[in-house]
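Peer 1: Next comes the sequence, and after it the predicted model I'd like to discuss.
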Amino acid sequence: MSNSVAYPVLRTPDLDLALRVARQMVVFGAQPGSEVSVLAEVPTVTEAGRLRDALPDASFESESMDAPIVPPPGIPDLNCAVPARELPDDLTDAQAYLPLNISMLDQPLGSIEDHFAAVIGPHPAEIRWSSLLWPEAPERDLYGEGKHAEVTLLLNCDSRDLDARTGTYLVLAHVRRCNGDGYEDRFAEWLAEQIGQKVVGRPQHS
């Protein structure tokens, strides 16, 4: 069993720049089976309704420990993932399920990123590209990596837990967590160099 560690390679208030740099990192490791997933926290029923309409292929699920076991009349059981198209027009009675997560998982590269980033607004969110492959760099004593080769773009937050709210965007490059002898640092630094960036902060462990 192994874990990943994610290194920040860009922090910026410019969403277009963040998307561009994240995509540069993704292209470096993209494979035919690579995928993208998106996730955001939705704090109000008003925003849930807006995002339901803006992202009809997404799913909603409650994050509340106090969510009702029996849903109110006309509201689906949001303790499980519910397709956006199955949510009613009037979400007033979904208040007890707040906060909600909205997500779209395992989608083709390039299919959802721009639209999701454009409509998500100020909410903490992530775009995560997975099933990438980092090439080896024998001249730097670095081995290829597939299992933990991912890129994450955090929107409006500084943590993969979607907390630490900010007004900026953070691009993270993931590598395999090894034994702490500096290999992960060297790998992340090399990856950042490939797209003209550098590691800009402390790594985030899963």
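Peer 2: Looks like it arrived, so ask away.

Peer 1: just checking, what packs against the longest helix along the chain?
Peer 2: Ranked by number of residues, the top helix in the chain under DSSP state H is helix 15-29. Using 3 or more Cβ pairs under 8 Å, 6 or more residues apart in numbering; DSSP states H and E as the contact criterion, the neighbours of helix 15-29 among helices and strands are strand 4-12, helix 113-119, strand 125-130, strand 150-157, strand 165-176, helix 183-194. In this view, the C-beta of every residue, glycine as well, is placed from N, C-alpha and C.

Peer 1: quick one: which of those is nearest residue 86?
Peer 2: helix 113-119 (19.4 Å; Cβ to Cβ).

Peer 1: Show me how far that closest one is from its chain's centre.
Peer 2: 12 Å (Cα atoms, centre = their mean, to the nearest Å).

Peer 1: just to revisit the earlier point, taking helix 183-194 as reference, get the angle to the longest helix of the chain.
Peer 2: Our comparison of helix 15-29 with helix 183-194, counting by axes from the mean of the first three to the mean of the last three Cα atoms, to 10 degrees, yields an angle of 110 degrees.

Peer 1: export helix 15-29 as PDB, just CAs?
Peer 2: Output in PDB follows, covering the C-alpha atoms of helix 15-29 (Å, rounded to 0.1, in the frame of the first residue of the first chain):
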ATOM      1  CA  LEU A  15      -8.000  31.400 -12.900                       C
ATOM      2  CA  ASP A  16      -7.100  31.200 -16.600                       C
ATOM      3  CA  LEU A  17      -3.400  31.000 -15.700                       C
ATOM      4  CA  ALA A  18      -4.100  28.300 -13.100                       C
ATOM      5  CA  LEU A  19      -6.000  26.200 -15.600                       C
ATOM      6  CA  ARG A  20      -3.300  26.700 -18.200                       C
ATOM      7  CA  VAL A  21      -0.500  25.600 -15.900                       C
ATOM      8  CA  ALA A  22      -2.500  22.700 -14.600                       C
ATOM      9  CA  ARG A  23      -3.200  21.500 -18.200                       C
ATOM     10  CA  GLN A  24       0.500  21.800 -19.000                       C
ATOM     11  CA  MET A  25       1.300  19.400 -16.200                       C
ATOM     12  CA  VAL A  26      -1.500  17.100 -17.300                       C
ATOM     13  CA  VAL A  27      -0.300  17.000 -20.900                       C
ATOM     14  CA  PHE A  28       3.100  16.000 -19.600                       C
ATOM     15  CA  GLY A  29       1.700  12.800 -18.200                       C
END
